[in-house]
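Novice: need a structure here:
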Amino acid sequence: MDTQKQLLTKAKLEFHSNLPKKHVGILGGTFNPIHLGHLLIAEQVYEQLCLDKVLFLPDKIPPHRGVQKTLPSISSDDRINMIKLAIRDNMHFDLDLTDVNRGGISYTYETIKLLKEYNPNTEYYFIIGGDMVENLSKWSHIDELIQMIHFVGVCRKGFEKKSKYPILWVNTPELEISSSMIRERVKKGKSIKYLVPDDVAWYIKDRGLYNE
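Specialist: Predicted coordinates:
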């Protein structure tokens, strides 16, 4: 039985090794809500690195200490629906629900292990901000992670392009937009037009999100 299993595993590996590799970007986060800054970064990385597509990967529960307590409690479904609305007119953007479906705290290492298992012939490019590059040493299983994926650092003012880890640096136009800013503007009754896609702005208003 073990011999048969080994033969099947070997045949599977040989099959995938003969297929052309795909190059896929990953942009993870809470997307609470998704905004034009996210979309701009994803598009620039897609274009500059000649990727096949970019996946938007919403967290179920972010791993950062204290973040869970500070985020407003909107459902995963609302965050997912806003992502769908934001990316639906872009053929090389897609939604990936690996973290949401798995549940629990979303650790990148566990996510990538699953993605690589499902798609062994895909090279993944994990997109992070220049500020996050400085904290990579604190990530769970970072030494294993850098063997599994390519980290893409988005250059930001005030952060040097330095790291002891291999980073693919990408320059993008800077938009001073954050999800927390959008939530605060909604709470104060201010406009969020041109900060998020129109459909996302409509969804937030229709669902009464971030009003409290």
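Novice: you'd agree Asp143 is in a helix?
Specialist: Yes. Asp143: assigned to a helix according to DSSP: H, G, I helix; E, B strand; the rest coil.
Novice: so how far is Leu136 from it?
Specialist: According to CB to CB, to the nearest Å, Asp143 stands 10 Å off from Leu136. C-beta coordinates here come from the backbone N, C-alpha and C atoms, glycine included.
Novice: try Asn90
Specialist: According to CB to CB, Asn90 and Leu136 sit 28 Å apart.
Novice: what's the first-to-last distance across stretch 47-58?
Specialist: End-to-end span of stretch 47-58 (CA to CA, to the nearest Å): 22 Å.
Novice: show me the contacts for Gly153.
Specialist: By CB atoms under 8 Å, 6 or more residues apart in numbering, the contact list for Gly153 reads Ile128, Gly129, Gly130, Val133, Lys161, Ser163, Ile167, Leu168, Trp169, Val170.
Novice: in what helix or strand does it lie?
Specialist: Assigned by DSSP states H and E, Gly153 belongs to strand 150-154.
Novice: one step back: which of the contacts of Gly153 count as buried?
Specialist: For the contacts of Gly153, a burial check counting by 16 or more other CB atoms under 10 Å picks out Ile128, Gly130, Val133, Ile167, Val170.
Novice: which of Asp143 and Leu136 has more neighbours?
Specialist: Neighbour comparison, Asp143 and Leu136: the larger count goes to Leu136, with 17 against 9 (by other CB atoms under 10 Å).
Novice: narrow the contacts of Gly153 to those in helices?
Specialist: Assigned to helices by DSSP state H, the following of the contacts of Gly153 qualify: Gly130, Val133.
Novice: need the contact partners of the host helix or strand of Gln44.
Specialist: Taking DSSP H and E as the criterion, Gln44 maps to helix 36-48. Residues outside helix 36-48 that contact it (CB under 8 Å, 6+ apart) are 25, 27, 29, 31, 51, 53-54, 56, 86-87, 90, 92-93, 125, 127, 152, 154, 170-173, 175, 177-178, 194-197.
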